[in-house]
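Asker: Here is the input, now give the coordinates:
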Amino acid sequence: LVLDSNETILMANQPIADVLGYPSEVNLIGKDFKSILADGDLLKLTGLEKPVEGAPVVGLTASFVTESGSTVPLSISCSAMRKENLDIESYVVVSRDIRESQVVHIAESRALAAEKQASLNLQEENEELTEQTYKDSLTGLWNRHFLQETIDKDVARVNRHYATPGANPEDESPCLIFVM
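Answerer: Numbering: from 1, shown residues only. Just a heads-up that it's a prediction; the model follows:
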């Protein structure tokens with residue numbers, strides 16, 4: 001879009017007309033730029049009136065009103081075109097439809113949530129399988145596999161903690177008593 005200093009649309013192209021639901025870019029020419037902005041977004045664009053030393057306004061997201069009255073989010077960048085005396089002659093507004101990127105972001109968020117849930121489900125299933133490996137299904141008591149693994153871990157722990165420093169663990173065998 002190209003706007004005059006009063007923010008009236010002087011030029012538009014067909015892609016912006018398509019996004020806003022107008023049959024032709026000609027239907028936008030002559031409209032007040034603020035008339036195609038959603039009311040809440042008028043406040044966001046106050047920087048367009050007097051950009052500091054001609055600095056462009058970049059990456060601002062605003063909702064635009066379509067011809068049918070619905071709103072469309074667009075990312076816009078705006079630069080003031082100035083005369084030699086630095087008065088604003090016109091504005092050039094470049095817009096980008098961000099609806100697709102919002103849909104992609106939502107899809108990515110949902111995929112991440114599904115992945116987290118699948119990971120939690122897998123972790124729960126692994127814990128259940130581990131318990132099934134160590135418990136008798138009929139009695140619910142710990143089985144031989146659990147006891148053997150527990151004894152092996154306990155023997156290794158006793159050897160680490162109670163061995164004489166510098167001694168060969170093969171030479172010293174602590175006496176272990178397991179009570180069941």
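Asker: alpha carbons only for contacts and neighbour counts from here, please
Answerer: OK.
Asker: Show me the shaky parts of this structure.
Answerer: By pLDDT under 70, the weakly predicted segments of the chain are 39-59, 101-106, 163-180.
Asker: just the helices in it please.
Answerer: 14-19, 99-134, 144-162 (DSSP state H).
Asker: Which one of the ones you listed lies nearest to residue 81?
Answerer: Ranking these by proximity to residue 81 (CA to CA) places helix 14-19 first, at 20.4 Å.
Asker: picking that back up, mean neighbour count for the helices of the chain - can I get that in CSV?
Answerer: Listed next are the helices of the chain as CSV, based on neighbours: other CA atoms under 10 Å:
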stretch, mean neighbour count
helix 14-19, 16
helix 99-134, 12
helix 144-162, 13
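Asker: out of those, nearest to residue 7?
Answerer: Residue 7 lies closest, by CA to CA, to one member of the helices of the chain: helix 14-19, at 16.4 Å.
Asker: could you dump the helices of the chain to CSV with distance to residue 5?
Answerer: Shown next, in CSV, are those (distance: least, CA to CA, whole Å):
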stretch, distance to residue 5
helix 14-19, 20
helix 99-134, 29
helix 144-162, 81
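Asker: For residue 79, which of these is the nearest?
Answerer: Among those, helix 14-19 comes nearest to residue 79, with 17.4 Å by CA to CA.
Asker: just the CA coordinates of that closest one, formatted as PDB?
Answerer: Extracted in PDB, the C-alpha atoms of helix 14-19 (Å, rounded to 0.1, in the frame of the first residue of the first chain):
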ATOM      1  CA  GLN A  14      -4.000  -7.300  -5.900                       C
ATOM      2  CA  PRO A  15      -2.500  -9.600  -3.200                       C
ATOM      3  CA  ILE A  16      -3.600  -7.100  -0.400                       C
ATOM      4  CA  ALA A  17      -7.000  -6.800  -2.000                       C
ATOM      5  CA  ASP A  18      -7.300 -10.600  -2.100                       C
ATOM      6  CA  VAL A  19      -6.300 -10.900   1.600                       C
END
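Asker: can you list contacts of that helix?
Answerer: 23-25, 27-28, 66, 72, 95, 97 (CA atoms under 8 Å, 6 or more residues apart in numbering).
Asker: Where neighbours are concerned, which of those residues has the most?
Answerer: residue 28 (24 neighbours; other CA atoms under 10 Å).
Asker: Please tell me I have it right and that one contacts residue 12.
Answerer: Yes. Counting by CA atoms under 8 Å, residue 28 does reach residue 12; the two are 6.7 Å apart.
Asker: So in this protein, which strand runs the longest?
Answerer: Of all the elements of type strand in the chain, the one with the most residues (DSSP state E) is strand 71-82.
Asker: ok, that strand: who's next to it in the sheet?
Answerer: strand 57-65 (antiparallel), strand 88-97 (antiparallel) (DSSP bridges).
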